[in-house]
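Visitor: okay, predicted coordinates and the sequence, questions at the end:
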Amino acid sequence: MSGAGGPRPGAEGLSDAASIASRVRSGELRAADVAEQVLGDVESRDAELHCFNLVTGEAMRAAAAEVDRLVATGADPGPLAGVPVALKDNLCTKGVPTTCSSRMLEGWSPPYDATVVRRLVAAGALVVGKTNLDEFAMGSSTENSAFGPTRNPWDTGRVPGGSSGGSAAAVAAGFAALALGSDTGGSIRQPAALCGVVGIKPTYGLVSRYGLVAFASSLDQVGPFATTVADAALLLETIAGHDEMDSTSLGGPVPRLTEALRSGVDGLRVGVVRDFLADASADCVAAVRNGADVLSRAGASVEDVALPELLHGLSAYYLIAPAEASSNLARYDGVRYGLRVDGEDVEQMNARTRAAGFGPEVRRRIMLGTYVLSAGYYDAYYAQAQRVRTLVARAFARAYEHVDVLLAPTAPSVAFPLGAKTEDPLEMYLADLFTIPSNLAGHPAMSVPFALDGQGLPVGVQVLAPALGEVAMLRAGVALESGATPGARGPVRPGAVV
Ligand code: GLN
């Protein structure tokens, strides 16, 4: 409808999903212009950052044209109309390579879309492409990708966190207003913290995992990245809800998440996880203490809570997750998916394929997992880890008798330099010390960008809640966001975003 020669409203200056969608829905902004702006930006800047394994530009343009067509005919283009989203490359996309950043899946394209992808597309979102990750989501820095690391947009000498580092960095760089990741032990929240964006791990079962390539099935959840808490809630509302294709999917209604955003925190009971503070950097501790003050000034009651059991979560996780991974990854046998390296017989073909297809961290996990499940070691390791998992869940239950949400650092430190932890797997594992307990318990948790450290790097604060406690979690998240240091959240180059 823009008149010949008249100024057409540009796509510049937008950053959040809610305003992009509302401008596209009203016809003020064309989805096609959003797509061109994003694709141009990715083209010029992603060579350095490597957020994307694959950019699906033609499909994005086609989706944008369809949204614009619906708007022009007066039809409803959906709540996320014209909003660019990035998908972690362990989410299945029909006919589009899904690599898990592994050589193992070379040449493989899934025959179906993940349920979350279908729901996004139905909501009018524009998929930009598939984002880089630690191979099969195993890692905390995105350096375990077979295709090379992603760099942190705040400082390209540093990691973006992981394993959903490509998704977090894509949002922080302004390549997408929203992204999806997966979180098995912290892979959404930790990169969100290191990249200065919002990240949510939902309650286990709230979001369908149909089409998420499995890592550790009792822990995996899909969840959102966004630049604002409101956008993250909007995305979560879009993807949440029962799916008959996922047997672990919860029934029942989805909590009214976006309504939580206006409720405030008056009367909310907040506990600070005291036991985490000794293991976090001074900047991360200060952010939690200041965050608690923000909540208290906004009307919440705040107390310190002793939860020493949570610190044992890490050891339990590194037995349980590898055990489940060793079972889930057994399907990559050279026959059914991707890579095959021939051998004299089937066994040799299997072995050669796995040796060539899996990187060192994935092999380490498979060997660890096979070991802890083997006869003679099962009771000492795997069964013991399950008992610790129960202790963690009980500790949380005890705390939630007195408080509605818990506050903690998301990560022990800000983004670390590339290569700083690659030689020492245990150092890398410790990056998830504060995120893992929520996965073990199946609880929701989110990271909110809250402060900047002395070097100008983002610091996240984590809000934890009991199962299906997303509403209380988001109430606290919004209050934290409103008290955050200006400039503590992405996009990093204002104006570079759509
Ligand atoms: N960093 C943890 C690991 O390496 C968590 C990974 C994840 O949440 N996918 O297992």
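Guide: That came in fine, so what should we check first? These numbers were taken from a predicted model, which means no experiment stands behind them.
Visitor: list the contacts for the residue of the stretch 301-450 of the chain found nearest the ligand?
Guide: The minimum distance from the stretch 301-450 of the chain to the ligand, using Cβ to the nearest ligand atom, falls at residue 432 (4.7 Å). Every C-beta, even on glycine, is put in place using the N, C-alpha and C of the backbone. For residue 432, the contact set (Cβ atoms under 8 Å, 6 or more residues apart in numbering) comprises 140, 185-186, 190, 314, 317.
Visitor: mind checking pLDDT for the nearest residue to it once chain neighbours are set aside?
Guide: Computed as Cβ to Cβ, 6 or more residues apart in numbering, the closest residue to residue 432 that is not its neighbour in sequence is residue 186, at 3.9 Å. Looking at residue 186, its pLDDT is 98.
Visitor: near the ligand, which residues of this protein show up?
Guide: Listed as neighbours of the ligand in the chain under the rule Cβ under 6 Å from any ligand atom: 137-140, 163, 182-187, 215, 321, 432.
Visitor: residue 433: neighbour count?
Guide: Burial of residue 433 is recorded as 23 neighbouring residues (other Cβ atoms under 10 Å).
Visitor: for it, phi and psi?
Guide: phi -50, psi -40 (degrees, to the nearest 10).
Visitor: wouldn't it be in contact with residue 279 here?
Guide: Yes. Assessed by Cβ atoms under 8 Å, residue 433 is found in contact with residue 279 at 6.1 Å.
Visitor: shared neighbours, these two?
Guide: 311, 412.
Visitor: can you list contacts of stretch 465-477?
Guide: Taking Cβ under 8 Å, 6+ apart as the rule, stretch 465-477 contacts 198, 200, 202-204, 206, 229, 232-233, 236, 255-257, 259-261, 263-265, 268, 270, 295, 300, 396-397, 400, 404-407, 441-446, 448, 463-464.
Visitor: list buried residues within those.
Guide: By neighbour count, with 16 or more other Cβ atoms under 10 Å, the contacts of stretch 465-477 hold 198, 200, 202-204, 206, 229, 232-233, 236, 255, 257, 260-261, 265, 268, 270, 295, 300, 396, 400, 404-407, 441-446, 448, 463-464 as buried.
Visitor: contacts for stretch 450-459?
Guide: 154-155, 158, 193-196, 281, 283-284, 286-287, 290-291, 414-415, 449, 460-461, 480-481, 483-485, 487-490.
Visitor: from these, which ones fall inside strands?
Guide: Taking DSSP state E as the definition of strands, the contacts of stretch 450-459 contribute 449, 460-461.
Visitor: let's have those residues in a markdown table, adding pLDDT and neighbour count.
Guide: Shown next, in a markdown table, are those (pLDDT from 0 to 100; neighbours: other Cβ atoms under 10 Å):
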| residue | pLDDT | neighbour count |
| --- | --- | --- |
| 449 | 98 | 30 |
| 460 | 98 | 34 |
| 461 | 98 | 29 |
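Visitor: buried set for stretch 39-48?
Guide: In stretch 39-48, counting by 16+ other Cβ under 10 Å, buried: 39, 41-42, 45-46.
Visitor: nearest to the ligand, of these?
Guide: residue 46 (22.6 Å).
Visitor: so that closest one is in contact with residue 175, correct?
Guide: Yes. Using Cβ under 8 Å, residue 46 is in contact with residue 175, at 6.7 Å.
Visitor: now do the shared contacts for these two.
Guide: With Cβ under 8 Å, 6+ apart as the test, residue 46 and residue 175 both reach residue 52.
Visitor: pLDDT weak spots in the stretch 1-150 of the chain?
Guide: 1-14 (pLDDT under 70).
Visitor: what are the boundaries of the strands in it?
Guide: Using DSSP state E, counting those that start in this stretch, the strands of the stretch 1-150 of the chain run over residues 52-55, 84-88, 126-131.
Visitor: just the angle between the longest one and strand 84-88, please?
Guide: Angle between the axes of strand 126-131 and strand 84-88 is 30 degrees (criterion: axes from the mean of the first three to the mean of the last three Cα atoms, to 10 degrees).
Visitor: ok so residue 406 is a strand residue?
Guide: Yes. Membership of residue 406 in a strand is supported by DSSP: H, G, I helix; E, B strand; the rest coil.
Visitor: list the beta-bridge partners for it.
Guide: Listed beta-bridge partners, residue 406: residue 271, residue 464 (assigned using DSSP bridges).
Visitor: thinking it is in contact with residue 463, fair?
Guide: Yes. Counting by Cβ under 8 Å, residue 406 touches residue 463, with 7.4 Å between them.
Visitor: from residue 235, how far out is residue 115?
Guide: Separation of residue 115 from residue 235 (Cβ to Cβ, to the nearest Å): 14 Å.
Visitor: out of those two, which sits in the busier spot?
Guide: residue 235 (31 against 24).
Visitor: residue contacts, that one?
Guide: 17, 80, 85, 178, 180, 224, 226.
Visitor: what secondary structure does it sit in?
Guide: From three-state DSSP, the assignment for residue 235 is helix.
Visitor: that one and the ligand: what is the separation?
Guide: 18 Å (Cβ to the nearest ligand atom, to the nearest Å).
Visitor: one more: residue 19?
Guide: Residue 19 is 30 Å from the ligand, by Cβ to the nearest ligand atom.
Visitor: can you check residue 460 too?
Guide: Distance from residue 460 to the ligand, by Cβ to the nearest ligand atom: 15 Å.
Visitor: who does that residue bridge with?
Guide: residue 449.
Visitor: that one touches residue 410, doesn't it?
Guide: Yes. Using Cβ under 8 Å as the test, residue 460 is close enough to residue 410 to be in contact (4.0 Å).
Visitor: what residues are shared contacts of these two?
Guide: 189, 192-193, 447.
Visitor: emit the ChimeraX select command for whichever of these are buried.
Guide: Selection of buried members from the shared contacts of residue 460 and residue 410 for ChimeraX, criterion 16+ other Cβ under 10 Å:
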select :189,192,193,447
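Visitor: identify the farthest-apart pair in the shared contacts of residue 460 and residue 410.
Guide: 189 and 193 (6.4 Å; Cβ to Cβ).
Visitor: now for these two: what residues contact both?
Guide: 199, 410-411, 447, 460, 462.
Visitor: JSON lines please, covering those and showing distance to residue 331.
Guide: Listed next are these as JSON lines, based on distance: Cβ to Cβ, whole Å:
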{"residue": "199", "distance to residue 331": "28"}
{"residue": "410", "distance to residue 331": "32"}
{"residue": "411", "distance to residue 331": "32"}
{"residue": "447", "distance to residue 331": "32"}
{"residue": "460", "distance to residue 331": "35"}
{"residue": "462", "distance to residue 331": "33"}
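Visitor: skipping adjacent residues, who's closest to residue 312 in space?
Guide: Residue 312 sits nearest to residue 388 (Cβ to Cβ, 6+ apart), 5.2 Å away.
Visitor: next, count neighbours for residue 62.
Guide: Residue 62 is flanked by 13 other residues according to other Cβ under 10 Å.
Visitor: turn the ones in strands among the contacts of stretch 450-459 into TSV, columns for distance to residue 337.
Guide: As requested, the ones in strands among the contacts of stretch 450-459 are arranged in TSV below (distance: Cβ to Cβ, whole Å):
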residue	distance to residue 337
449	37
460	35
461	39
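Visitor: which two among the buried residues of stretch 39-48 are spaced furthest apart?
Guide: Across the buried residues of stretch 39-48 (Cβ to Cβ), the longest gap, 11.4 Å, separates 39 and 45.
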